[in-house]
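*Asks:* Need the 3D shape of this:
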Amino acid sequence: MNYKIITLLSLVFTASNIFSDKELKLSEIYDSNIVESSEWVSLFKKNSLEGWHYYQDDGSKTGWTVDNGVFTFNSKNATGEGDKSLISDDEYTSFVIYFEWKVSSRSNSGFFWGVKEDSKYEFPYITGPEIQILDSGLNDETQDKTTIAGGLYGLAAPKKIVTNPANEWNSFLITIDQEKNYGNVVHNGADIVTFPLRGNAWEKMLEGTKFVDCVNEWKHCEFGKFKTGKISIQDHPGIISFRNMKIKEL
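*Replies:* As a prediction, this is how the structure comes out:
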C-alpha cells in the first residue's frame, strides 16, 4: 500500500472526529485523482445508474434516482412489482468498500454482499448477508441489538452506537476478506463489529436464528453460501440515499 492510499484511508477514519459539521461532504476531503489512480474504484456515476440495475429487473421497476452522484430511493415514487433493491452488474469476492448513507425518519436499508441473482431467489437477502442501515431514532432497549445500524443483521451486534440522526450523513467502511475469513465494519470512524464469513464460527453464529433453517423462511434460501457474488443496496419504505461508494478488491 503506497503513501497516498494510507493518507486517503486515514482521512476516511478520522474525518468524523476532525470536523464538527455533521453535514460535511466527505467527498470534499478526497483527492479524486488519488482514488481513481489507485486500487480504489468509484461505483457511482454522477448522473447514471450505470454499473447497477434493479434486482431481477423486468423493465417495470422505478424508484431510484441519481443526482450529482447521490443515489436515492423514494418508496412513494416507486413502481413495478417485487424487490426494488439495486444490485451491481459485477461480482466480487474479497474487498474493502466505503460509502456514505442517510435515511429519512423511521426508515432503514441495508448493504448486502455474496448475492446471487436468479429467478428462484426472490430477494437479495435470501443469499446475501446484510449490514444494517437504520434511522437511529428507532433504537430502543427492547430492540434486537443485531438490527442496530452497522450490525450484521440478525447475527452480530455492533459494540457501540455511533449513528447520526435521520437525514444526516453516515459512513461505512466494510471489509469482506474471504481468504482470511474476516468481516469488519467501521461506522463513522468507529470499529464496531467483526465477524467470520464461514466455518464453525459462522455456523455457531447462526444457531438460534432464522438463518439456520432459512428454507423455512424463504423458498430456495441459500443464505451466506456464496464467496463470490454481487453487492446490493436495499429498497425500503421511506427515503434512502447513498453517495461516494468506492471499492478496492483484495
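*Asks:* In terms of pLDDT, where does the residue sitting nearest the centre point of the chain sit?
*Replies:* For the chain, the residue nearest the mean C-alpha position is residue 111 (2.4 Å; C-alpha atoms, centre = their mean). What the model reports as pLDDT for residue 111 is 99.
*Asks:* Any buried residues in stretch 64-79, and which?
*Replies:* Within stretch 64-79, the residues that qualify as buried are 64, 66, 69, 71, 72, 73, 74, counting by 16 or more other C-beta atoms under 10 Å. All C-beta atoms are positioned from the backbone trio N, CA, C, and that covers glycine.
*Asks:* Need phi/psi at the residue lying closest to residue 77 once chain neighbours are set aside.
*Replies:* Spatially, and ignoring its direct neighbours in sequence, residue 77 is nearest to residue 63 (5.9 Å; C-beta to C-beta, 6 or more residues apart in numbering). Backbone torsions for residue 63, taken as degrees, to the nearest 10, come to phi 140, psi -30.
*Asks:* tally of neighbours for residue 63?
*Replies:* Neighbour count for residue 63, taken as other C-beta atoms under 10 Å: 19.
*Asks:* next one: residue 245
*Replies:* With other C-beta under 10 Å as criterion, residue 245 counts 23.
*Asks:* Is it in a helix, a strand, or coil?
*Replies:* strand (DSSP: H, G, I helix; E, B strand; the rest coil).
*Asks:* Which strand or helix spans the closest residue to it other than its chain neighbours?
*Replies:* Nearest residue to residue 245, sequence neighbours excluded (C-beta to C-beta, 6+ apart): residue 99, at 3.8 Å. Following DSSP states H and E, one finds residue 99 within strand 95-103.
*Asks:* Partner strands of the next helix or strand after that strand and their direction?
*Replies:* On the C-terminal side of strand 95-103, the nearest following helix or strand under DSSP H and E is strand 108-115. Strands that pair with strand 108-115, judged by DSSP bridges, come out as strand 130-134 (antiparallel), strand 229-233 (antiparallel).
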